[in-house]
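Peer 1: Fold the following for me, if possible:
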Amino acid sequence: AVPASAPQELQQVSAAAVEFQLKAVSRALTALTGGRVKQLQLITSSSRHRERLAKHLRQQAAKEGKFKQAALDCDARREETQRKLMACAPQLAAILKRTRALKLKMESSLSAALGGREVNIIGEINNVLS
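Peer 2: The predicted structure is shown next:
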């Protein structure tokens with residue numbers, strides 16, 4: 001209840017309307033005292049804060065440039081590695097072909113030494129050849 005000593009305008013306002021206005025004022029107060037507003041106030045009122053912020057932004061910009069250059073270097077190394085792999089592909093194919101032939105020769109030699117029994121070489125060699 002509104003005291004009788006309150007102005008006539010306040011006596012005529014309902015409790016729900018006062019509650020609604022209180023919530024609206026609270027939201028506005030929260031928005032005005034939030035972190036962003038405080039940061040903006042610091043930027044406008046403190047030259048030291050502006051200098052610190054500018055220094056931080058310059059550092060971030062330098063890091064960005066550094067990371068962009070590192071990404072470009074990485075791309076260049078990847079392309080160079082790909083070129084080297086492509087250059088080595090014929091050699092690798094020749095080595096695999098020769099290894100398969102040697103494996104077959106070893107199996108046939110062992111088979112002959114064991115009186116014609118079939119011999120299969122197993123192990124890592126098969127992983128390399130597959």
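Peer 1: quick one: secondary structure of Lys66?
Peer 2: helix (DSSP: H, G, I helix; E, B strand; the rest coil).
Peer 1: residues touching Leu96, list them.
Peer 2: Shown in contact with Leu96 (Cβ atoms under 8 Å, 6 or more residues apart in numbering): 128-129. (Each C-beta comes from the backbone N, C-alpha and C, glycine too.)
Peer 1: Look at Glu107 and say how many residues are nearby.
Peer 2: When neighbours are defined as other Cβ atoms under 10 Å, Glu107 has 14 of them.
Peer 1: Now it: closest residue in space that isn't a chain neighbour?
Peer 2: Val119 (4.9 Å; Cβ to Cβ, 6 or more residues apart in numbering).
Peer 1: Need phi/psi at the one you found.
Peer 2: phi -120, psi 130 (degrees, to the nearest 10).
Peer 1: Report how many residues lie close to it.
Peer 2: Neighbours of Val119 using other Cβ under 10 Å come to 14.
Peer 1: Surely it touches Leu110?
Peer 2: Yes. Val119 is within contact range of Leu110, at 4.2 Å (criterion: Cβ atoms under 8 Å).
Peer 1: Strands along this structure, start to end?
Peer 2: Using DSSP state E, no strands are assigned anywhere in the chain.
Peer 1: so where's it shaky on pLDDT?
Peer 2: Within the chain, the stretches with pLDDT under 70 are 1-2.
Peer 1: Now do the helices in it.
Peer 2: Assigned by DSSP state H, the helices in the chain fall at 8-11, 15-32, 35-45, 47-113, 124-129.
Peer 1: how about the first one: buried residues?
Peer 2: In terms of neighbour count (16 or more other Cβ atoms under 10 Å), helix 8-11 has no buried residues at all.
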